[in-house]
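K.L.:
okay, here's the prediction I keep looking at, along with the sequence it came from:
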Amino acid sequence: MTTLRTGAAGSLALALTLTACSGGGDGQMHVYMYQDSLAVVQKDAVERFNEDADVEAVVDEVPGETYEDKVRTVMGSNNQPDVFFNWGGGNIRPYVEEDMLLSLDDMMENNPEFEESFIPSVLEEAQIDGVQYGVPMRGTQPVLLFYNEAVFEDVGAEPPETWEDLLGLVDTFNDEGITPFALGGADTWTMQMWLQYLVDRNGGPEVFQQIESGDPEGWRDPAMLQAAEGVEELVNRDAFGDNFSSVSFTEGAASTLLSEGDAAMHLMGSWEYSTHLDQAEEFAENDLGYAPFPEVSGGAGDPANVTGNPTNYFSVTADSEYTEEAQEFLKATAEEEYVRDMVENGEVPTTTDAEEYLDDSPNPDFARFQYELVQDAPHFQLSWDQSLDADVSEAMLNEIDKLFIGESTPDEFVDAMAEQQQ
Amino acid sequence: MSLTTTRRRLPGSSGSRVGRPGAVWALPALLFFGAFALLPLVLVAYLSLTAWNGLGTPDFIGTQNWEELAGDPAMREAVGLSTALTTLSWLVQTPISLLLGVWAAGPQRNRAILSAIFFVPLLLSTAAIAILWRALLEPNFGPMSNVGWFPNLLGDSPSALLVIVFVTAWQFIPLHTLLYQGGARQIPVSLYQAAEIDGASRARAFWHITLPQLRNTITTSSVLMVVGTLTYFETVLVITGGKHHTTIVPYLMYESGFVATRLGYASAVACTLVVVATAVSLAMVRFTGFGSMRSTREGM
């Protein structure tokens, strides 16, 4: 099903965009949603909205691995959704440049209590040139080091606090015949997480900020090379097992390796918790451990920095017939029921009052851990592929893949990227 | 065919027009072809001269995309992989379909039943087939992982490409078998009876009667196979996502167009593909003499 749609989208998209098939206008307000175990919160919100709205809202769930292609394609057609899920920042810039998104400034101005219900720095991530184009609609999603407590106990190991600890654990688990890290290498963004943290720990946020500002020399920063060498070392030590290159995260294989005890650790976004709650409830409640990414001694980056997604956003398309209704719908994201739903689903909302709900979380300890980690982080780096232009990020993901499967060396990786971005 | 030619030869007769439908009947088909084949083709050719991210208006940039394409190592690799995939697919599929088709053309009842089962892959959609095989070959949880030691076929080069060759074959051999079965059933039984009387073995009969009689079918099947494989895309998307050296030309087109959002560049790739696929199929038809439509029953 998943890929059926992509296949169709891919092969037909050229024809579609060119012949400009007219669509939409079916009397429904379409909400494009990333399909995963968390989307239930948004579906409930749509149901509540439909109870007393003039227009019927429908959720169009798009499989995660193809979400961005699909949105890009429909945004270029006359079949735009009315409201759509996105990552804010660089992710929505192309649409803003084409005047395709509705400015939410008036909405914010007219509803100060709504604006004030979100953490300001999170709201800011959906501003382009000072104009608000998105509303936070999910929990915060830092990338964490998840581990299987039962496996750790069996081996008598402790979660790593430093890079040296981590390398030591790789050897320990390999000796025990357990894959040290689950890695869904069929989806390249999962490998990207390793580089994001290693670059930040080695060189601080400035390294990627230089790249993000369009300066390809940022790729030649020594911290980038150190990070790539870190990856090479992990791969050489068999940290990810021998078949990670075809393990899928989006289909749940990597997470299952962790919950089944075949792998000891998994570097993943905080949604890993809800994934397990959904697929291996007992494991999520009893044996799922979590820790921040370890410190790299001598590195310039603050070990309290996190990477991942500050949150996700809902944006409204400017040409939508239902811009009024859509803005009305967006207000749901700050409502008590919505926030409560998120918390119950294992998310940590980005509303300022989130802390008071955290006790209702299925795992209050985890929720508090995550909440404090984000609150205390001096810097929260948005995922690289979401902050760079699509053509650079596509090339980057390809190069990261090559680095992980040993087709290029750290030096070649750095050179390839520096040349690619020019 | 011979009927119309004789008619046309009759002097002063308007009979040749009586039996033929007017050109106007071709209009709906021509309009469809124009709107959904020619027009997009022209537009894609134009797009290949622009820089466009899929949103807003394309910027005309002349031949820049084409110049970049000529020197792009990714394109060179994609062309090599497409050639390899096409050649391997032809080499794998043709002999198997030919033998199966000839076998299935026989009269016994069990063949009909077996053939019916055998054609099942033909009924499944490409995406379903790709998902099925990816699930079967999943290295940790797929059924193959329980069979003891089994290599990570999808996660390595060149085995990932061989998986694509295999899945394509699994999917399309039934179609080509059907073609060969039809072709084989057209061969007059008298030829085989004559061969039997002359004491020819079954192998000799196959070599000297069946194969030559099937030559037009071989051409049809090969053109379908080659052009189909050149433009093959979905299986690569689903099974490997272009990883591990499986970025064939159609996948490169998808990736540069819809992942990197460079639709101008993707259009240049698409144009190349159209030209190459057309050239290859024309060459095959010309080279095999299929175009002249010689009957396989000459001299009978």
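P.N.:
Great, that's in hand.

K.L.:
excluding covalently adjacent residues, which one is nearest to residue A:245?
P.N.:
For residue A:245, ignoring the flanking residues on the chain, the nearest one in space by CB to CB, 6 or more residues apart in numbering or on different chains is residue B:155 at 3.5 Å. From N, CA and C alone the C-beta is placed, and that goes for glycine too.

K.L.:
wait, what's in contact with that neighbour?
P.N.:
A:185-186, A:243-247, A:405, B:139, B:244 (CB atoms under 8 Å, 6 or more residues apart in numbering or on different chains).

K.L.:
I'd guessed residue A:89 sits against residue A:387; true?
P.N.:
Yes: contact criterion CB atoms under 8 Å: residue A:89 and residue A:387 qualify, at 5.5 Å.

K.L.:
how much space between residue A:301 and chain B?
P.N.:
Distance, residue A:301 to chain B, using CB to the nearest CB, to the nearest Å: 30 Å.

K.L.:
spell out which parts of the stretch 301-422 of chain A neighbour chain B.
P.N.:
Residues of the stretch 301-422 of chain A lying close to chain B (CB under 8 Å from any CB of the partner chain) are A:390-391, A:394-395, A:401, A:405.

K.L.:
closest to residue A:166 out of the contacts of residue B:155?
P.N.:
Nearest to residue A:166 among those is residue A:244, at 16.5 Å by CB to CB.

K.L.:
got a quick ChimeraX command for the buried subset of the residues of the stretch 301-422 of chain A next to chain B?
P.N.:
Only the buried entries of those go into this ChimeraX selection, using 16 or more other CB atoms under 10 Å in any protein chain shown:
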select /A:390,391,394,395,401,405
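
K.L.:
so which of the residues of the stretch 301-422 of chain A next to chain B sit within helices?
P.N.:
A:390-391, A:394-395, A:401 (DSSP state H).

K.L.:
export those residues to CSV and tack on distance to residue B:170 and pLDDT?
P.N.:
Shown next, in CSV, are those (distance: CB to CB, whole Å; pLDDT from 0 to 100):
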residue, distance to residue B:170, pLDDT
A:390, 34, 87
A:391, 35, 87
A:394, 31, 91
A:395, 33, 93
A:401, 27, 96
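
K.L.:
and residue A:337, what element?
P.N.:
When secondary structure is defined using DSSP states H and E, the element that contains residue A:337 is helix A:336-344.

K.L.:
who's in contact with the helix or strand following that helix?
P.N.:
Sequence order places helix A:354-357 as the next helix or strand after helix A:336-344, per DSSP H and E. For helix A:354-357, the surrounding residues in contact (CB under 8 Å, 6+ apart) are A:339-340, A:343, A:348-349, A:371.

K.L.:
can you say which of those are buried?
P.N.:
A:339, A:343, A:348-349, A:371.

K.L.:
can I get the residues you listed in JSON lines including pLDDT?
P.N.:
Below are the buried ones among the contacts of helix A:354-357 laid out as JSON lines (pLDDT from 0 to 100):
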{"residue": "A:339", "pLDDT": "94"}
{"residue": "A:343", "pLDDT": "91"}
{"residue": "A:348", "pLDDT": "92"}
{"residue": "A:349", "pLDDT": "93"}
{"residue": "A:371", "pLDDT": "91"}
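
K.L.:
out of these, flag the one nearest to chain B.
P.N.:
Within the buried ones among the contacts of helix A:354-357, the smallest distance to chain B is 30.2 Å, found for residue A:348 (CB to the nearest CB).

K.L.:
so what's the residue lying closest to residue A:378 once chain neighbours are set aside up against?
P.N.:
Spatial nearest neighbour of residue A:378, excluding adjacent residues (CB to CB, 6+ apart): residue A:302 at 5.0 Å. Residues in contact with residue A:302 (CB under 8 Å, 6+ apart) are A:204, A:378-379.

K.L.:
among the residues you listed, who's most crowded?
P.N.:
Within the contacts of residue A:302, most neighbours by other CB atoms under 10 Å in any protein chain shown means residue A:204, with 19 neighbours.

K.L.:
quick check: it vs residue A:79, distance?
P.N.:
Here residue A:204 is placed at a distance of 43 Å from residue A:79 (CB to CB, to the nearest Å).

K.L.:
strands along the stretch 51-200 of chain A, start to end?
P.N.:
Along the stretch 51-200 of chain A, counting by DSSP state E, counting those that start in this stretch, strands occupy A:56-63, A:83-86, A:127-128, A:131-132, A:135-136, A:141-148, A:179-182.

K.L.:
dump the residue contacts of residue A:239.
P.N.:
With contact taken as CB under 8 Å, 6+ apart, residue A:239 is in contact with A:170, A:180-181.

K.L.:
which one of these is nearest residue A:353?
P.N.:
Nearest to residue A:353 among those, with distances taken as CB to CB, is residue A:181, at 36.1 Å.

K.L.:
what bridges to the closest one?
P.N.:
In this entry, residue A:181 is beta-bridged to residue A:265, by DSSP bridges.

K.L.:
just checking, what packs against the strand or helix carrying residue A:375?
P.N.:
Assigned by DSSP H and E, residue A:375 belongs to helix A:364-376. In terms of contacts (3 or more CB pairs under 8 Å, 6 or more residues apart in numbering or on different chains; DSSP states H and E), helix A:364-376 is packed against strand A:141-148, strand A:288-291.

K.L.:
run the last query once more with 7 Å
P.N.:
Where contact means 3 or more CB pairs under 7 Å, 6 or more residues apart in numbering or on different chains; DSSP states H and E, helix A:364-376 is packed against strand A:141-148.

K.L.:
packing partners for the strand it packs on?
P.N.:
Here strand A:141-148 touches strand A:263-269, strand A:288-291, strand A:306-309, helix A:364-376, going by 3+ CB pairs under 7 Å, 6+ apart.

K.L.:
and it, which strands flank it?
P.N.:
Paired neighbours of strand A:141-148 in the sheet (DSSP bridges): strand A:263-269 (antiparallel), strand A:288-291 (antiparallel), strand A:306-309 (antiparallel).

K.L.:
can you put those strands in JSON lines and add distance to residue A:412 and mean neighbour count?
P.N.:
Listed next are these as JSON lines, based on distance: least, CB to CB, whole Å; neighbours: other CB atoms under 10 Å in any protein chain shown:
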{"stretch": "strand A:263-269", "distance to residue A:412": "24", "mean neighbour count": "26"}
{"stretch": "strand A:288-291", "distance to residue A:412": "32", "mean neighbour count": "20"}
{"stretch": "strand A:306-309", "distance to residue A:412": "24", "mean neighbour count": "24"}
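
K.L.:
to residue A:101, which of these lies closest?
P.N.:
strand A:306-309 (18.8 Å).

K.L.:
contacts for the helix or strand that that closest one is followed by?
P.N.:
Toward the C-terminal end, the helix or strand that comes next after strand A:306-309 (DSSP H and E) is strand A:313-316. The contact list for strand A:313-316 (CB atoms under 7 Å, 6 or more residues apart in numbering or on different chains) reads A:82-86, A:88, A:92, A:101-102, A:126, A:133-137, A:323, A:326-327, A:330, A:333.

K.L.:
likewise stretch A:210-217?
P.N.:
A:218-219, A:387-388, A:418, A:421-422.

K.L.:
could you give the number of residues near residue B:193?
P.N.:
As a burial measure, residue B:193 scores 10 neighbours (other CB under 10 Å).

K.L.:
for the stretch 101-250 of chain B, which spans come out with low pLDDT?
P.N.:
Applying pLDDT under 70 to the stretch 101-250 of chain B flags the ranges B:148.

K.L.:
in it, what residue comes closest to chain A?
P.N.:
residue B:155 (3.3 Å).

K.L.:
quick check: pLDDT value at residue 32.
P.N.:
Using chain A here. If you check residue A:32, the pLDDT there is 95.

K.L.:
sorry, I should have been clearer: chain B.
P.N.:
pLDDT for residue B:32: 94.

K.L.:
for the helix ranked longest in chain B, buried residues please.
P.N.:
Under DSSP H, the helix in chain B containing the largest number of residues is helix B:73-104. Across helix B:73-104, burial judged by 16+ other CB under 10 Å covers B:75, B:78-79, B:81-82, B:84-86, B:88-89, B:92-94, B:97-98, B:100-102, B:104.
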